[in-house]
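Enquirer: sequence plus the predicted model coming up.
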Amino acid sequence: MMRRLWAILCITAIALVSVRPARTMPADVQVRRDVDLFHSFGRYLREKLVHGREVVFDRPLVQFFQRASTQGEWFKHVLKGLEGYFPFDPNLSGQLSLFFSALVEGTWFEPQNNGTCECCDPSNPLYAYHVHIGMTGNAGEVVISYNTQEKPPQSCLYVAEEHTSNQTKFCTEDVRTTSLGSGLSPFLCTGWSGYASHVKVNGLQPGKRYTYTIPGSPGNVSYTFMAPYGNTTKTTKLAYFTDIGTKGGEPVINTLLSRLDDFDYMIMPGDQSYCDGYHGCFDAYMKLIQPLAAQKPYMVATGNHEGPWNFSYVRTNFYFPVSESGAAPDALWYSFDEGPIHFVMMNYENYFDYPDGEWSMTQPAPISTYPGQIEWLRRDLEAFAKRREHDPSLWLIMMAHRPLTCNVTDKSCNHFGPILEQDVFPLMYEYKADMYWCGHVHAYERVSPINNVTRELCSDCVRDNATLYYKPPYPVQIMNGIAGRAVADNDYFTPGVSYPPFVAQHYSSINYPYGGYALVSVDNNVLNFTLYNTSGAVLDHFRIEK
């Protein structure tokens, strides 16, 4: 039944998105038409179910959404129209809520493809879309990635020092496309067409600014960026956020665009867009973040929401520096250096014993489950340890999408965290990781350095009301999953509840139209970490001194 239902969902939603009225239509007419479409959708779905079973949700759908904008109001009307058709069924409510999450995140932006799962503009098949920069860990080297509807005869671009015209041509043979696999169709469409080019640009002077131009029709695409330092400097500054939606992530993206001088690159350990296999929605997210990611390197890890169709969108559209860091070609884990920090991206996401296969979201498993990951991780950390013997001021920040130690009443903290940390904590202790970054739970929590076995706080290293960690022997853990979703989240932390003494700071989810992000800077032996709300408020601040 579930497969049959999902086919109906996909077929019906394609028609729904395709006929959605233009934004120039009067708002009241648009609301009525959207409600009518969803009413028809609900009636059709209910009529087609086997034995007349109703598809239902575990709470009124309108409670999933909190909106202030005009577009938010029309979707509230749509959801009210759906409520009568969908009471409660625990077997179906979770999957349908994912469907509507992707729908509301992505269709706000009406991407060029209008839901047909063409990545770009068929009328301009060689124009560059979804442009973003990645780093390899090497000084003066970046990878510039972009999509085109058709495969270019040559995937090339031109780079010049800023404000000069002496261009150098860089080309690549790393041009990827993807098949969405077998089984059920992904959300809202039956295929994805397009090509992703990944052009490596090297030989640049670290810290110098350059302009790159991607030729195409009807015009060229140009952005300016700063060549990364690799490990050639003792300072660095970055933005760190996790769990960022498409519509829901717009406030964080816009805020970071207004603060470009405050960071040089971005770290995002999983769950970008909340599109769950709907590639047209993922394209909408990349279109939204392009003005930011096309000029500031954007380094990502994989989370459960990137999982559908075997991480196909991430694997196709992002360049992971696996060869540069000694990982396997298809690995979802890698490492890189920037400034004095060695970043290690790990992966916990899998489909093992997962009944619906690769079309759905993933569940976590320890890193030792994945062939080659823990062996690679030990080699990588051993190589870093030898470097740090000669330079103790180097920093080690390890991360993955999911938390290890957290204090929310949730299976991510109560069940999965203790399982995942069995592999990771011994290595973090042995190789003296300074921090562990994650998200997944849509809340913020800072865990002071603790022994993961005894759960004892490093009382000697915690100073100034936990705003300073002085030479901590264990890593500071940050769960920062508040970058913003359009779907309203839970209040994870209960006011008045007493949490363990190692919980230095915590916040429940920050719902649209706000979001949270961190700015991190390192200067030799000192790391400063500040968490902001997009309203401008400082939510947390601390520093670590080595």
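Expert: Arrived safely. Residues are numbered from 1 along each chain as shown.

Enquirer: residues in contact with His412?
Expert: Careful, residue 412 is Ser; it's not His. 402-403, 406, 440-441 (C-beta atoms under 8 Å, 6 or more residues apart in numbering). For every residue, glycine as well, the C-beta is placed using N, CA and C.

Enquirer: pLDDT wise, what is it at?
Expert: What the model reports as pLDDT for Ser412 is 90.

Enquirer: ok so it is a strand residue?
Expert: No. Going by DSSP: H, G, I helix; E, B strand; the rest coil, the assignment for Ser412 is helix, not a strand.

Enquirer: who's the residue most central in space within the chain bridged to?
Expert: Nearest to the geometric centre of the chain sits Gln272, at 2.8 Å (C-alpha atoms, centre = their mean). Beta-bridge pairing for Gln272 (DSSP bridges): Ile244.

Enquirer: same question, Met266
Expert: Bridge pairing for Met266 - DSSP bridges - gives Ala239, Tyr298.

Enquirer: residues near Leu519, how many?
Expert: Other residues lying near Leu519 total 19 when counted by other C-beta atoms under 10 Å.

Enquirer: other residues contacting the helix or strand encompassing it?
Expert: Assigned by DSSP states H and E, Leu519 falls within strand 516-523. Residues outside strand 516-523 that contact it (C-beta under 8 Å, 6+ apart): 234-241, 252, 255-256, 259, 262-263, 339-341, 395, 444, 478, 480, 482-484, 507, 510, 527-534, 539.

Enquirer: try 7 Å
Expert: 234-241, 252, 256, 262-263, 339-341, 395, 444, 480, 482-483, 510, 527-533, 539 (C-beta atoms under 7 Å, 6 or more residues apart in numbering).

Enquirer: try stretch 535-544
Expert: Taking C-beta under 7 Å, 6+ apart as the rule, stretch 535-544 contacts 434, 444, 446, 466-469, 472, 476, 505, 507, 514, 516, 526-533.

Enquirer: pull out the buried residues from it.
Expert: Residues of stretch 535-544 classed as buried by neighbour count (16 or more other C-beta atoms under 10 Å): 539-540, 542, 544.

Enquirer: before we move on, what about stretch 415-434?
Expert: Those would be 416-417, 420-421, 423-425, 427-428, 431-434, for stretch 415-434 by 16+ other C-beta under 10 Å.

Enquirer: now for these, which pair is the farthest apart?
Expert: Taking C-beta to C-beta, the two most distant members of these are Phe416 and Lys432; they sit 25.0 Å apart.

Enquirer: for Lys287, state which of the contacts of Ser412 is nearest.
Expert: Lys287 has its nearest neighbour among the contacts of Ser412 in His440, at 25.1 Å by C-beta to C-beta.

Enquirer: what residues are up against that closest one?
Expert: 243, 271, 303, 401-403, 412, 481.

Enquirer: and if we set it to 6 Å?
Expert: 401-402, 412, 481 (C-beta atoms under 6 Å, 6 or more residues apart in numbering).

Enquirer: give me the domain ranges for this structure.
Expert: Domain ranges of the chain: 2-107, 229-545, per automatic domain parsing.

Enquirer: quick check: which element contains the nearest residue to Thr302 once chain neighbours are set aside?
Expert: For Thr302, ignoring the flanking residues on the chain, the nearest one in space by C-beta to C-beta, 6 or more residues apart in numbering is Leu332 at 5.0 Å. For Leu332, there is no host helix or strand (DSSP H and E).

Enquirer: burial check on Leu332, number of neighbours?
Expert: 25.

Enquirer: could you do Thr302 as well?
Expert: For Thr302, using other C-beta under 10 Å, the count is 26.

Enquirer: mind listing what's buried along stretch 119-130?
Expert: 119-121, 124-130.

Enquirer: give me the three-state assignment for the closest residue to Gly216 other than its chain neighbours.
Expert: Spatial nearest neighbour of Gly216, excluding adjacent residues (C-beta to C-beta, 6+ apart): Tyr127 at 4.4 Å. Secondary structure, three-state DSSP: Tyr127 is coil.

Enquirer: could you do the one 3 residues further on as well?
Expert: Using three-state DSSP as the criterion, the local structure at His130 reads strand.

Enquirer: against Cys171, how distant is it?
Expert: Counting by C-beta to C-beta, to the nearest Å, the gap from His130 to Cys171 is 19 Å.

Enquirer: with Tyr210 as the reference, measure out to His541.
Expert: Counting by C-beta to C-beta - His541 and Tyr210 are separated by 33 Å.

Enquirer: cool, Ser325 as well?
Expert: 24 Å.

Enquirer: so those two - more neighbours on which side?
Expert: Ser325 (23 against 20).

Enquirer: where's Glu105 relative to Thr246, distance?
Expert: 4 Å.

Enquirer: between those two, which one's more packed in?
Expert: Thr246 (32 against 26).

Enquirer: now that one: phi and psi?
Expert: The phi and psi values for Thr246, taken as degrees, to the nearest 10, are phi -90, psi -80.

Enquirer: in a helix, Phe282, correct?
Expert: Yes. Counting by three-state DSSP, Phe282 is part of a helix.

Enquirer: quick one on the thing from earlier: turn the contacts of His440 into CSV, including distance to Asn220 and secondary structure.
Expert: CSV is the format used below for the contacts of His440 (distance: C-beta to C-beta, whole Å; DSSP: H, G, I helix; E, B strand; the rest coil):
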residue, distance to Asn220, secondary structure
His401, 36, coil
Arg402, 41, coil
Ser412, 45, helix
Gly481, 38, coil
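
Enquirer: neighbour-wise, which one of those leads?
Expert: Going by other C-beta under 10 Å, Gly481 tops the contacts of His440 with 32 neighbours.

Enquirer: and that residue, what pLDDT?
Expert: 94.

Enquirer: I'd like the numbering to begin with 697 instead of 1 from here.
Expert: Taking 697 as the first residue, the last one we looked at is Gly1177.

Enquirer: residues contacting it?
Expert: Applying C-beta under 6 Å, 6+ apart, the residues near Gly1177 are 938-939, 1135-1138.

Enquirer: sitting in helices, which of these do you find?
Expert: Judged by DSSP state H, helices contain none of these.

Enquirer: now the buried members of those.
Expert: 938-939, 1135-1138.

Enquirer: so the residue nearest to Glu1002 when sequence neighbours are not counted, which state does it fall into?
Expert: Distances taken as C-beta to C-beta, 6+ apart place Val1010 nearest to Glu1002, at 4.8 Å, with adjacent residues excluded. What three-state DSSP gives for Val1010 is helix.

Enquirer: what's the burial count for Val1010?
Expert: 19.
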